[in-house]
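Undergrad: the following block contains a protein sequence and its predicted model.
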Amino acid sequence: LGETSGLEVFLNDFPHKSRGMFWGKPAEGFWMAGSGTAATLTAAGENRFREIKEQTKKLLDSAVIEAPPIRGTGPVFMGGFRYDVKTKKDDTWHEFPDALLTLPRFLFTRCEPDAWLTINTIVESDTDISYAAETILEDLESVGRPRIREDEQPPVFQLHQPPKTDWQRRVKKALEVIET
């Protein structure tokens, strides 16, 4: 990956087949940028944490994983959970399920000064391995190619954040649900 920054990968690949995913800790020189979708896990309602845990376990129990024991490599799901499933969703979040985790097709990880590329694909008993490998190579060749012109502004979304105390209360409640 050379000197490519996480933001460059994210912005250049954002329009690729699905929305891009980005998570970083700049103070630690750590970021992950995901592209494409190998698997999507969703759940709804009060049992969303348990349901996602079961789905993840089912998927990973039969997985063949070749990855170094390094943070941000191997199968890393990106997404989130709704804190309070009893309140009405506002317009910003109405299209999202209560729990949504995505296993990116490609995950670019930088833990300075090193970088890794994780390729995730689901192989079933009837999967055409040659076709799957060809598709991965085609997709990989397209990743990182600029898709946003230098004079073009990428889409920017503004979200309203509730007060910090509301967020802390919801996190505490979510942790209580997880612990039970």
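TA: In hand now; what should we look at? Residues are numbered from 1 along each chain as shown.

Undergrad: where in this protein is pLDDT low?
TA: The model of the chain has pLDDT under 70 over residues 1-19, 142-162.

Undergrad: quick check: buried residues in the longest helix seen in the chain?
TA: In the chain, taking DSSP state H as the definition, the longest helix is helix 164-179. The neighbour-count check on helix 164-179 (16 or more other CB atoms under 10 Å) flags 174, 177 as buried. Quick note: C-beta positions are derived from backbone N, CA and C, even for glycine.

Undergrad: who touches it?
TA: Helix 164-179 has contacts (CB atoms under 8 Å, 6 or more residues apart in numbering) with 46, 49, 81, 83-84, 161.

Undergrad: please name the bridge partners of the most centrally placed residue in the chain.
TA: Centroid-nearest residue in the chain: residue 78, 2.7 Å away (criterion: CA atoms, centre = their mean). Residues in a beta bridge with residue 78, per DSSP bridges, are residue 102.

Undergrad: what separation is there between it and residue 114?
TA: 20 Å (CB to CB, to the nearest Å).

Undergrad: all helices for this structure, in order.
TA: Taking DSSP H as the test, the helices found in the chain are 6-13, 48-61, 129-142, 164-179.

Undergrad: of these, which is nearest residue 33?
TA: Minimum separation from residue 33 across those (CB to CB) falls at helix 6-13, 4.3 Å.

Undergrad: just the angle between the longest helix of the chain and helix 48-61, please?
TA: Between helix 164-179 and helix 48-61, the angle comes out at 60 degrees (axes from the mean of the first three to the mean of the last three CA atoms, to 10 degrees).

Undergrad: look up how far residue 40 lies from the residue nearest to the centre of the chain.
TA: Relative to residue 40, and taking CB to CB, residue 78 is found at 11 Å.
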